[in-house]
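Engineer: fold the following and give me the result.
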Amino acid sequence: MAGHSKWSTIKRKKGVNDDKRAKIFTKISREIIVCIKETGNADPANNGRLRDLITKAKTNNIPGDNIERLLKKAAGGTEKSDYENCIYEGYGPGGVAVMVECLTDNRNRTAGEVRCYFDKYGGNMGTAGCAAFMFNQGEAISYVTLTDEEQIKKMILLLDMLEDNDDVQNVLHNWEEPDMTDDDT
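Structural biologist: The predicted structure is shown next:
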């Protein structure tokens with residue numbers, strides 16, 4: 001126990017939780033800003049999508065005053081960043097189809113980061129439409145099962161890195177994830 005204190009443990013855990021909350025706040029805030037800019041309406045009573053995003057924000061414990069400040073900022077046009085939606089597609093280890101939905105103010109930066117993640121973890125980023133057909137609505141997706149432990153580790157790392165990126169809003173894949181509840185530990 002030398003050099004360790006209860007406070008440092010609490011501080012470390014709080015820091016991790018604060019980082020997770022900040023990422024969620026950032027992603028939802030961007031969605032709200034884009035929604036207001038696209039619709040031109042900052043009134044949740046007249047904007048169903050905005051109302052849903054505010055509910056999502058409240059569900060994720062974003063304080064009400066932060067939401068109000070964000071609405072005023074976006075409606076007043078003082079928000080400097082112009083976010084745009086973009087989708088990147090590719091294949092992860094073992095041929096797992098991956099679609100990455102992003103909301104970014106710098107498409108080139110985000111594309112480079114996503115491409116780097118694919119390359120680093122045994123996949124490759126493809127062109128628009130190369131994986132989208134796997135996720136068409138109304139079709140039962142064909143799932144890929146990975147059996148090689150190295151591929152499974154790389155796929156988990158790829159998904160973690162993508163989801164940790166502030167510009168990434170959603171990651172879709174057709175990997176049939178293994179059931180982790182049956183550990184022999």
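Engineer: could you pull out the helices for this protein?
Structural biologist: Counting by DSSP state H, the chain has helices at residues 6-39, 48-59, 64-75, 107-120, 149-164.
Engineer: flag every buried residue along the lowest-mean-pLDDT helix or strand in the chain.
Structural biologist: Ranking every helix and strand in the chain by mean pLDDT, DSSP states H and E puts helix 6-39 at the bottom, with a mean of 82. Residues of helix 6-39 classed as buried by neighbour count (16 or more other Cβ atoms under 10 Å): Phe25, Lys27, Ile28, Ser29, Arg30, Glu31, Ile32, Ile33, Val34, Cys35, Ile36. Heads up, the C-betas are built off the backbone N, CA and C, glycines and all.
Engineer: which strands or helices does that helix pack on?
Structural biologist: helix 48-59, helix 64-75, strand 97-104, strand 168-173 (3 or more Cβ pairs under 8 Å, 6 or more residues apart in numbering; DSSP states H and E).
Engineer: mean pLDDT for those: which is lowest?
Structural biologist: Mean pLDDT values for the helices and strands packed on helix 6-39 show the minimum at helix 64-75, a mean of 85.
Engineer: returning to what we had before: relative orientation of the least confident helix or strand of the chain and helix 149-164 in degrees?
Structural biologist: 70 degrees (axes from the mean of the first three to the mean of the last three Cα atoms, to 10 degrees).
Engineer: quick one: distance of helix 6-39 to the chain centre.
Structural biologist: Taking Cα atoms, centre = their mean, to the nearest Å, one finds helix 6-39 lying 12 Å from the centre of the chain it belongs to.
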